[in-house]
Each structure stands twice: as structure tokens, then as C-alpha cells.
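[1] Would you be able to build a 3D model of this:
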Amino acid sequence: MDEENMTKSEEQQPLSLQKALQQCELVQNMIDLSISNLEGLRTKCATSNDLTQKEIRTLESKLVKYFSRQLSCKKKVALQERNAELDGFPQLRHWFRIVDVRKEVLEEISPGQLSLEELLEMTDEQVCETVEKYGANREECARLNASLTCLRNVHMSVQGWRPRDQHNLELRVTAA
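    Predicted coordinates for the structure are as follows:
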């Protein structure tokens with residue numbers, strides 16, 4: 001499951017719908033555990049502590065890689081073979097939790113109305129315009145755009161591209 005150990009040929013091989021679903025579900029379990037740990041660190045620990053900050057950054061980086069993995073699995077299934085279950089990955093509501101977008105914002109978005117993949121295709125301005133319609137503030141927009149940039153960079157690096165600035169892989173979205 002480690003992207004760095006995956007060969008380029010493995011990354012480009014098509015997947016069956018069933019195999020992609022299995023991989024997405026497995027990664028989703030890791031996402032669920034990591035988000036729980038991340039939220040615990042953000043709420044129960046002193047976020048000003050250096051060790052806490054390091055743990056938060058580590059979890060955020062892992063989560064970005066997990067989401068990239070789900071995007072890659074989904075992309076390897078032919079469009080005509082995809083179903084609603086596979087289209088449910090990656091989950092926007094989980095991404096908003098990582099980025100620390102208020103629950104009220106996500107509750108305004110009807111299921112199927114917006115996806116993480118759609119946000120990834122938008123410019124920073126379009127992302128802000130879109131999520132502001134649902135009640136996001138400027139700070140949340142900035143965090144969301146920074147996190148989407150990180151996800152794009154990681155996802156491109158998995159596909160054989162390397163981001164110029166490896167420091168951009170950290171989300172830097174920790175709640176104060």
C-alpha cells in the first residue's frame with residue numbers, strides 16, 4: 001500500500017472494479033483511523049507543542065497519500081465499468097474533516113452535489129466561490145486550497161511527476 005514502493009508499471013495497470021473497490025475500502029479504513037487520531041491530537045493535545053505538531057504533520061501527510069491512493073485506484077478502472085460505490089471514493093466529507101472545514105459547510109452540500117475530484121479540477125478562485133456558496137469562510141477556503149495543492153502534487157508524483165518543492169507535501173492546515 002506504500003506509494004513509494006509501487007512501480008510505475010503497477011501504477012498504470014488497469015484494475016477490475018472489484019479489485020479497485022477492495023483497495024479503496026482498505027484505504028478508507030486507514031483514512032478513518034488516521035482522521036480519528038488527527039482529530040484527537042487537534043482537540044486533546046496542546047497543538048503548540050512541537051511533538052504534537054510533528055505528529056499532526058505526519059498524519060496529514062499520510063492522509064494525503066491515502067486519498068491519492070484512492071484517486072489512483074479509481075482512475076485505473078475503465079469509465080464504463082465504474083459504479084456508484086466506486087464513485088463514492090474519495091469521500092469529500094472526510095477531506096473536509098482533515099482540512100478542518102466546519103461541519104455546517106459540509107451539511108449544506110447535498111450528496112452527489114460536489115466531489116473532491118471536481119474541486120481538484122478547479123482553480124483556487126473557483127474553489128473559494130464554490131465552497132463560499134455553502135458557507136465556508138476565507139480561512140477555510142485558504143486551507144482547502146492549500147490542501148488541494150498538496151493532494152495534486154502528491155497525486156502527480158505518484159503518476160511519475162515530482163513536485164518541485166517537497167515541503168509543499170505538508171497540509172499546514174492545523175486548527176489553532
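
[2] Does residue 112 fall in a helix, a strand, or a coil region?
    With DSSP: H, G, I helix; E, B strand; the rest coil as the basis, residue 112 sits in coil.

[3] Number of residues surrounding it?
    Counted with other CB atoms under 10 Å, the neighbours of residue 112 add up to 9. (C-beta placed from N, C-alpha, C; glycine too.)

[4] Now do it against residue 88, distance only.
    9 Å (CB to CB, to the nearest Å).

[5] so where does the closest residue in space to residue 89 that isn't next to it in sequence fall, helix or strand?
    Among residues not flanking residue 89 along the chain, residue 24 sits closest, at 4.2 Å (CB to CB, 6 or more residues apart in numbering). Counting by DSSP states H and E, the element that carries residue 24 is helix 17-44.

[6] buried stuff in that helix?
    Within helix 17-44, the residues that count as buried by 16 or more other CB atoms under 10 Å are 20-21, 23-24, 27-28, 31, 34-35, 37-38, 41-42.

[7] how distant is it from the center of its chain?
    The chain centroid and the centroid of helix 17-44 are separated by 10 Å under CA atoms, centre = their mean, to the nearest Å.

[8] Summarise which helices and strands it is packed against.
    helix 50-75, helix 84-87, helix 92-99 (3 or more CB pairs under 8 Å, 6 or more residues apart in numbering; DSSP states H and E).

[9] Please repeat the previous calculation with a cut-off of 6 Å.
    helix 50-75 (3 or more CB pairs under 6 Å, 6 or more residues apart in numbering; DSSP states H and E).

[10] which of the residues in the helix it packs on are buried?
    52, 55-56, 59-60, 62-75.

[11] Same check on stretch 122-134?
    Within stretch 122-134, judged by 16+ other CB under 10 Å, the buried ones are 127, 128, 130, 131, 134.
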